[in-house]
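> pasting the structure only:
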Ligand code: ATP
Ligand code: MG
Ligand code: MG
């Protein structure tokens with residue numbers, strides 16, 4: 001990888017190692033909540049947590065932050081694991097916050113015994129009202145002065161299921177006057193009679209994020225707990241719980257979320273798109289999810305490179321979608337096999353080519369690779385499909401393709417000259433008549449003819465048809481979440497265009513997971529719905545940035 005200066009987290013870790021903190025041990029964690037599929041923002045966190053541990057001979061745990069039974073599901077657990085592996089990372093241990101429910105409960109009891117937590121019978125509204133405002137301190141209620149014994153009994157009763165949802169909560173007895181609202185007696189446990197995807201009906205009280213996360217970090221002896229900026233005001237509470245429980249002193253660090261334009265990244269919003277059928281599932285190739293990008297034809301390397309390029313910062317910003325596209329083009333240019341496909345066909349007849357004759361030509365797979373990365377056979381015959389836009393009846397100067405009298409090269413084949421064309425009753429050109437120069441065959445051209453243009457083609461009797469899915473930005477505006485009204489009003493309803501194309505026969509063997517460059521048309525991949533009877537290709541990205549100014 002390229003030389004770059006250390007980011008602020010690497011500086012912190014190098015400093016810790018130099019000072020012998022945790023004996024130089026580095027253990028990070030990636031803590032997804034299994035309530036949706038991972039997206040490109042998560043990829044940033046994954047690359048950061050796994051990458052930094054690798055760099056300093058450490059390890060990374062995968063911890064499912066599954067403390068909210070209502071929105072979580074094992075489908076999400078499976079997809080998250082698949083996506084992390086696909087990105088190329090290996091976790092040390094697969095862990096679940098729910099595995100710590102007993103221990104977290106004991107931690108809560110410890111705080112009650114220390115007089116640092118109490119059961120509050122107030123409603124959510126009352127608690128909010130009593131919390132005060134950022135400029136006005138909160139006011140203690142009658143429950144705050146409950147005895148330790150009473151708190152222990154009530155908390156046990158909460159656990160035993162004696163109360164309904166919302167009837168009681170456990171709160172830290174902290175500081176109702178703190179300028180940090182998160183420190184004003186934050187909730188530790190709430191009652192939720194809900195089935196959990198792992199613990200079933202064993203629990204009806206569930207810990208809040210703030211009480212579960214840091215304690216889970218400490219249980220695992222995480223050294224550097226890296227999260228996003230919105231958790232900065234939670235850090236004093238993170239430290240307070242750890243100090244008062246006298247458990248392993250994990251430390252929290254924050255970096256800016258990765259956001260990209262023309263999409264949304266909140267799982268809640270992505271779920272709406274899925275549930276309301278505005279896209280075709282979590283892995284719709286227009287989605288910013290890892291599974292969507294994979295189906296679209298993005299490679300793990302391109303995503304890792306993207307994350308490396310955007311770097312980590314301590315200020316939020318919106319990253320240009322084009323950078324993601326730049327990264328996939330860069331990778332596919334080196335690895336994609338070149339193939340020919342005609343998306344908007346018009347028929348070409350080579351009048352001096354013998355009727356019924358078929359010639360097998362050869363085309364290298366990738367000129368960017370030394371030796372061409374192998375080659376494939378290209379059947380050539382008298383009748384070809386070419387792209388309609390490669391012919392003009394009245395071409396301007398410097399049009400190096402076909403028009404009356406103009407010459408161009410057919411890729412991997414011969415130079416042809418346009419002699420004539422045929423029009424139908426409405427005046428549409430339906431056929432182009434050319435003659436070819438037999439001595440101009442690619443690789444052994446002795447014709448002495450110089451042409452500037454090269455066009456792609458497919459032999460008509462050998463062509464296969466395929467469904468081609470062309471994608472554009474999913475939203476019409478850069479930041480749909482920050483526009484007036486509902487974000488879904490800004491969906492680009494033209495973001496999927498379906499066409500039928502003629503493809504060279506070798507593409508019938510196209511493999512999923514490999515990139516193909518349809519010469520002059522972009523990078524494509526086989527869609528997961530494709531079959532030998534019904535070939536389907538997704539356009540990963542165009543060859544050039546159509547959005548560049
Ligand atoms: P959402 O708002 O979409 O629900 P989340 O942060 O609640 O996001 P989690 O599953 O809790 O989603 O995220 C797992 C980890 O990934 C967390 O450490 C979180 O900070 C990080 N993460 C989530 N979104 C981003 C993002 N856009 N950029 C960087 N890191 C992110
Ligand atoms: Mg969330
Ligand atoms: Mg979260």
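Sure, I can see it. None of these values were measured; they are calculated from a predicted model. Residues are numbered from 1 along each chain as shown. Ligands and ions are numbered 1, 2, ... in the order given.
> pretty sure residue 14 sits in a helix.
Yes. Under DSSP: H, G, I helix; E, B strand; the rest coil, residue 14 falls within a helix.
> count the neighbours of the closest residue to it other than its chain neighbours for me.
Excluding its sequence neighbours, the residue lying closest to residue 14 (Cβ to Cβ, 6 or more residues apart in numbering) is residue 6, at 6.8 Å. C-beta: built from backbone N, CA, C; applies to glycine. Neighbours of residue 6 under the rule other Cβ atoms under 10 Å: 11.
> ditto for residue 47
23.
> and if you look at the one 4 residues further on?
Counted by other Cβ under 10 Å, the residues lying close to residue 51 total 18.
> got it, and residue 198?
17.
> ditto for residue 339
When counting by other Cβ under 10 Å, one arrives at 23 neighbours for residue 339.
> give me the residue from the stretch 101-250 of the chain nearest ligand 1.
Closest to ligand 1 within the stretch 101-250 of the chain is residue 228: 3.8 Å, counting by Cβ to the nearest ligand atom.
> quick check: the residue nearest to residue 14 vs ligand 1, distance?
Distance, residue 6 to ligand 1, by Cβ to the nearest ligand atom, to the nearest Å: 19 Å.
> torsion angles phi and psi at residue 476?
Main-chain torsions, residue 476, degrees, to the nearest 10: phi -90, psi -10.
> over to residue 488?
Per-residue torsions, residue 488: phi -70, psi -20 (degrees, to the nearest 10).
> where in this protein is pLDDT low?
Scanning the chain for pLDDT under 70 picks out 1-2, 545-549.
> next, whichever residue of it sits closest to ligand 1: secondary structure please.
Among the residues of the chain, residue 41 lies closest to ligand 1, at 2.1 Å counting by Cβ to the nearest ligand atom. In three-state terms, and counting by three-state DSSP, residue 41 is helix.
> any buried residues in stretch 402-420, and which?
Residues 402-403, 406-418 are the ones in stretch 402-420 that count as buried (16 or more other Cβ atoms under 10 Å).
> I'd say the residue nearest to residue 14 and residue 52 touch.
No. Checked against Cβ atoms under 8 Å, the pair residue 6 and residue 52 is beyond contact range at 10.4 Å.
> about what we covered before: how about the secondary structure of the residue nearest to residue 14?
Strictly by three-state DSSP, residue 6 counts as coil.
> strands along the stretch 201-350 of the chain, start to end?
205-207, 224-228, 251-255, 258-260, 317-319, 337-339, 341-342, 345-350 (DSSP state E, counting those that start in this stretch).
> I figured residue 478 hits residue 263, correct?
No. With contacts counted by Cβ under 8 Å, residue 478 stays clear of residue 263, the gap being 9.5 Å.
> which of those two has more residues huddled nearby?
Remark: of residue 478 and residue 263, residue 263 carries more neighbours, 25 against 16, as counted by other Cβ under 10 Å.
> OK, contacts around the more buried one?
Going by Cβ atoms under 8 Å, 6 or more residues apart in numbering, residue 263 touches 287-288, 321, 473-475, 480.
> next one: residue 64
Contacts for residue 64 (Cβ under 8 Å, 6+ apart) come out as 31-34, 77, 80, 94-98.
> CSV for these, including distance to residue 366, secondary structure and neighbour count?
As requested, the contacts of residue 64 are exported to CSV (distance: Cβ to Cβ, whole Å; DSSP: H, G, I helix; E, B strand; the rest coil; neighbours: other Cβ atoms under 10 Å):
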residue, distance to residue 366, secondary structure, neighbour count
31, 40, coil, 23
32, 36, coil, 23
33, 41, coil, 17
34, 39, coil, 23
77, 38, helix, 19
80, 33, helix, 23
94, 38, strand, 11
95, 42, strand, 19
96, 44, strand, 19
97, 46, helix, 24
98, 48, helix, 23
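> ok, which of those residues also contact ligand 1?
Contacts with ligand 1 are made by 31-33 out of those, judged by Cβ under 6 Å from any ligand atom.
> ok, the residues you listed vs residue 296, which is closest?
residue 32 (21.3 Å; Cβ to Cβ).
> wait, that closest one touches residue 41, no?
No. Judged on Cβ under 8 Å, residue 32 makes no contact with residue 41 at a distance of 11.1 Å.
> related to what we said a few turns ago, closest one to residue 529 out of the contacts of residue 64, please.
Set against residue 529, the nearest of these by Cβ to Cβ is residue 80 (23.0 Å).
> what does the chain have sitting close to ligand 1?
For the chain, the contact set with ligand 1 under Cβ under 6 Å from any ligand atom comprises 31-33, 41-42, 44-45, 65, 227-228, 257-259, 265-267.
> going through those residues, which ones are buried?
With burial judged by 16+ other Cβ under 10 Å, the buried subset of the residues of the chain next to ligand 1 is 31-33, 41-42, 44-45, 65, 227, 257-259, 265, 267.
> could I get those as a markdown table with distance to residue 344?
Converted to a markdown table, those look like this (distance: Cβ to Cβ, whole Å):
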| residue | distance to residue 344 |
| --- | --- |
| 31 | 48 |
| 32 | 43 |
| 33 | 46 |
| 41 | 37 |
| 42 | 38 |
| 44 | 38 |
| 45 | 42 |
| 65 | 49 |
| 227 | 49 |
| 257 | 41 |
| 258 | 37 |
| 259 | 36 |
| 265 | 35 |
| 267 | 39 |
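> which of the residues you listed sits closest to residue 237?
Among those, and counting by Cβ to Cβ, the member closest to residue 237 is residue 227, at 12.9 Å.
> domain map for this structure?
Using automatic domain parsing, the domains assigned to the chain come out as 8-255, 267-337+466-541, 341-455.
> how far off centre is the last one?
If you compare the mean C-alpha spot of domain 341-455 with that of the full chain, they lie 39 Å apart, counting by Cα atoms, centre = their mean, to the nearest Å.
> for it, measure first residue to last.
11 Å (Cα to Cα, to the nearest Å).
> swap in the second one?
Looking at domain 267-337+466-541, the gap from its leading to its trailing residue is 24 Å under the measure Cα to Cα.
> go on, the first one?
Length of domain 8-255, first residue to last, Cα to Cα: 9 Å.
> how is residue 523 assigned, secondary-structure-wise?
Once three-state DSSP is applied, residue 523 turns out strand.
> which residues touch it?
By Cβ under 8 Å, 6+ apart, the residues touching residue 523 are 297, 328-329, 332, 336, 515-517, 539-541, 543.
> which of those are buried? Put it as a ChimeraX command.
The buried residues among these can be selected in ChimeraX (16+ other Cβ under 10 Å) with this line:
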select :297,328,329,332,336,515,516,517,539,540,541
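> could you dump the contacts of residue 523 to CSV with distance to residue 281?
Listed next are the contacts of residue 523 as CSV, based on distance: Cβ to Cβ, whole Å:
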residue, distance to residue 281
297, 17
328, 21
329, 26
332, 24
336, 25
515, 22
516, 23
517, 27
539, 18
540, 18
541, 21
543, 28
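> mind checking which of the contacts of residue 523 are in helices?
Judged by DSSP state H, the contacts of residue 523 include 328-329, 332 as members of helices.
> distance-wise, check residue 324 relative to residue 543.
Residue 324 sits 16 Å away from residue 543, going by Cβ to Cβ, to the nearest Å.
> I am finished for the moment; much appreciated.
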